[in-house]
Each structure stands twice: as structure tokens, then as C-alpha cells.
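Student: just to be clear, the model below is a prediction. Sequence and coordinates:
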Amino acid sequence: MKETRVSIIGAGNVGKGILSIIQGMKEQGQMSEAFRLVSVSDSRGTVYDTQGMNPAKVLNAKEHGDIFRSGYQRMNTEDVLGLKADIIVDVSPATRDGKAGRDLYLESFSLGKHVVTANKAPLSFFWKEIMNASRSAGKDIRYESTVAGGVPLFNLRDYCLLPSAVIKFRGIVSSTVNYVLRKMKTGLDFNQALEEAGKLGIVEANFRDDTDGIDSARKTVILANSLFGTNMTLNEIRYQGVNENTRFDNVQGEQRIIASLDVTDGKVSATSNLETLDPGDPLITLKSQSLGYIMKTGFSGEIFVAGLRDGPIETASGVVNDILLLAGFRRN
């Protein structure tokens, strides 16, 4: 197998999860020496070694608050694309306009690098531009973990449902807003519910992206574009969330923020709204930290896929899976 060199941009909870998984696979003999980690970046800068880095060493330094403690060479993050890497992994926090991620991906493609991302913002604003650049450069972008964390979705569609077109999609694709929603319905106020979610590691630094429903809306846009071939942006979608003023007085039944996509007379409708679930709806069975979806297909019927827990390590596993696909990894 050809050597694959990887640069990781983002060393938050998901980034640390990626390092942990890579190290675990190495220790178990699952990952070839042909896989080489060449740089890791966080908000303060980048450490690198073109000869290859020990993920455990970087992870330990990050856990103690500073990747620079790893002892590897330092550089500015804006210079990372100058390193000889085959795959750029973007697990940095989402920005409001997605422009930083878009620029990173376009430059990566132009320099002959593939992209793996869990960052939703660039794809929810610049889908067409990014995909056109990917095709023009002959480089891939994989984005499995942008929508359902570690729950297989796009890779399931790409490798297991080739005869079938997707006709309809309904899913719980954002754990934080739904976790806060459910806790508020039990009697906690917004801040108490948010604090509990924070203890589980499922809240971003800018929690309003989650609770205002923007995170789920971004994911719904990506679903529309990937599954239904639209060129939708975040500005075109209706979405809801929860906040300090949300009240559930006299509300009957289970409610969730649901990403819903359908086609009527050739037109795709996409929403991310608060819905009351019917008792027989499979989505009602999902637990407070679960993600899952129902996907209706042309020849494969209706498929219900769910993960019992959504968290940083599950999202990281989806990112690593995308890296391994691009690296040509196969199980023995």
C-alpha cells in the first residue's frame, strides 16, 4: 500500500479522539506503517515532523494543555499546506460563514491533496464550489462525520445502496439540541440542561450553534445537497432550536428537532424543525444521546440506522474511517 501522509487541523475533543483511535489501531497492529501523521494543529499553532509523529505523544501533550509540549517542530497553521501531506483533515470548529474552510479545501485540492472533514460550515454554504473544485483537481473530499457523527450514512449510501436512489430522509442528526430539549421537558431550565450536556462533551464552544438549531440546519443542507443533488445553502432552509424562552406548557407527546427531506413534483423540500413524534415512529425509540435516521430508497426499501451514543469519539471514528478509505486501507 502506498504511504499516506496526514495533517490534522483541529485538536479539540474530536481531534483528540482521532489521535486516540490512530494510536489504538497502531498498537493493535491494524494500521500499516505506510500511514504517517505529519502534523497536528490547534488554535495556537502547529507541531509537525515529516518523518512521522507519535499520536500518543501529541495527545498526551494536548491533554496537559499544550501540543507544543510534544517536542515536535513548530510552525504557523497557515503554512501547513506547504508540508508534504496527502490528506488534510479538518476537524476545526465551524465558523459562521464557512469561508475559512472553503479556502482551505480549495487550496488543498489545488496542491494535490485530498480532504476529510467533520466541519459542517463550508459545505453548508459553498457545496457547489467545493465539489466542483474537488472534481476539477481530481481529488476527493469525504465528509461522513459532518452529519451523523459515527453513524454510517454517506458511506452506507456510497457503498451499500448503489442500485437505489434516496427518496425521503427523516432523522435526528444533532444530539446537543435534542439533549437540551429533552432535559428541559423533564423540568430543567435551559442553562441547567446545557450544563449537563457540557459534562458529556457534546457542546461546542459556541453553544448557540447547537441550541439555536444551526448545527442541525447545516447538516440538513449537506443532506439535501449530497442525497438529492441540490445546491442549497444554509440561508435557504427553515429551522428551529431551543433557548431560555422555550416553553413546553401543555405540549403532549415526544418532541425532537428533526431533519426532514422529501421530493414533491421534482422539488426538494428540506427543514430542521421541532416535531411531535407519533408513538409508532422509529425515531421515538432513540435515547437522549442517540443519533439516527430513516431513509426511504428506491430499491432497498426503508432503512432505519441509529447509534446509541453520539460523542466526540464516535465522530472521530467516522473521520478516521474516511481517512482509511482514502488511504486504500482494507481489513486483513
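Tutor: All right, it came through fine. Numbers count the residues shown, from 1 in each chain.

Student: center of the chain - which residue?
Tutor: Geometric centre of the chain, nearest residue: residue 146, 2.5 Å, by CA atoms, centre = their mean.

Student: okay, that one: pLDDT?
Tutor: Per-residue pLDDT puts residue 146 at 97.

Student: residues contacting the nearest residue to it once chain neighbours are set aside?
Tutor: Spatial nearest neighbour of residue 146, chain neighbours left out: residue 120 (4.8 Å); criterion: CB to CB, 6 or more residues apart in numbering. The way it works is simple: take the backbone N, C-alpha and C, and place the C-beta from them, glycine included. By CB atoms under 8 Å, 6 or more residues apart in numbering, the residues touching residue 120 are 94, 146-147, 215, 218-219, 222.

Student: mind doing that once more with 10 Å?
Tutor: 94, 98, 101, 143, 145-147, 174, 209, 214-219, 221-222, 234 (CB atoms under 10 Å, 6 or more residues apart in numbering).

Student: in helices only, show me these.
Tutor: Those of the contacts of residue 120 mapping onto helices are 101, 209, 214-219, 221-222, per DSSP state H.

Student: just flag the most distant two among the residues you listed.
Tutor: 101 and 216 (18.4 Å; CB to CB).

Student: between those two, tell me which one has more neighbours.
Tutor: A direct count of neighbours by other CB atoms under 10 Å for residue 101 and residue 216 places residue 216 higher, at 31 against 25.

Student: quick check: closest non-adjacent residue to that one.
Tutor: Take residue 216 and drop its neighbours on the chain: the residue closest to it by CB to CB, 6+ apart is residue 174, 3.7 Å away.

Student: next one: residue 42
Tutor: Nearest non-adjacent residue to residue 42, counting by CB to CB, 6+ apart: residue 11, 3.9 Å away.

Student: phi first, then psi, for the one you found.
Tutor: Backbone geometry at residue 11, expressed as degrees, to the nearest 10, gives phi -130, psi 40.

Student: pretty sure it sits against residue 55.
Tutor: No. At 11.1 Å, residue 11 does not count as touching residue 55 under the criterion of CB atoms under 10 Å.

Student: which neighbours do these two share?
Tutor: With CB under 10 Å, 6+ apart as the test, residue 11 and residue 55 both reach 18-19, 40.

Student: now, which of these sits nearest residue 68?
Tutor: Residue 68 lies nearest to residue 40 out of the shared contacts of residue 11 and residue 55, by CB to CB, at 10.7 Å.

Student: could you measure from that closest one over to residue 225?
Tutor: According to CB to CB, to the nearest Å, residue 40 and residue 225 sit 30 Å apart.

Student: which one's more surrounded, those two?
Tutor: When residue 40 and residue 225 are compared for neighbours, residue 40 comes out ahead with 30 against 21, by other CB under 10 Å.

Student: which of the three states applies to the more buried one?
Tutor: The three-state label given to residue 40 by DSSP: H, G, I helix; E, B strand; the rest coil is strand.

Student: ok, it touching residue 11?
Tutor: Yes. Shown here, residue 40 and residue 11 form a contact pair, counting by CB under 10 Å, at 5.7 Å.

Student: which neighbours do those two share?
Tutor: By CB under 10 Å, 6+ apart, the residues touching both residue 40 and residue 11 are 18-19, 46-47, 58-59, 61-62, 67.

Student: identify those among those that sit within helices.
Tutor: If you go by DSSP H, the shared contacts of residue 40 and residue 11 have 18-19, 58-59, 61-62 in helices.

Student: okay, residue 11 and residue 55: which has more neighbours?
Tutor: Shown here are residue 11 and residue 55; by other CB under 10 Å, residue 11 has more neighbours (24 against 21).

Student: count of neighbours near residue 75?
Tutor: So residue 75, with other CB under 10 Å, has 16 neighbours.

Student: and the residue lying closest to it once chain neighbours are set aside, what pLDDT?
Tutor: Ranked by CB to CB, 6+ apart and with sequence neighbours excluded, the top spatial neighbour of residue 75 is residue 46, at 4.9 Å. On the pLDDT scale, residue 46 is placed at 98.

Student: ends of stretch 30-46, how far apart?
Tutor: Stretch 30-46 has an end-to-end distance of 27 Å (criterion: CA to CA, to the nearest Å).

Student: tell me which strands and helices the host helix or strand of residue 324 is in contact with?
Tutor: Element membership of residue 324, judged by DSSP states H and E, is helix 312-326. Helices and strands touching helix 312-326, by 3 or more CB pairs under 10 Å, 6 or more residues apart in numbering; DSSP states H and E, are strand 4-9, helix 13-27, strand 87-90, strand 114-117, strand 141-142, helix 154-160, strand 302-307.

Student: contacts for the last one?
Tutor: Under the criterion CB under 10 Å, 6+ apart, residues 148-153, 156-157, 160-161, 164, 166-168, 170-172, 175, 282-283, 285-287, 289-297, 314, 317-318 lie in contact with strand 302-307.

Student: tell me which of these fall in strands.
Tutor: The members of the contacts of strand 302-307 that map onto strands under DSSP state E are 166-168, 170-172, 291-297.
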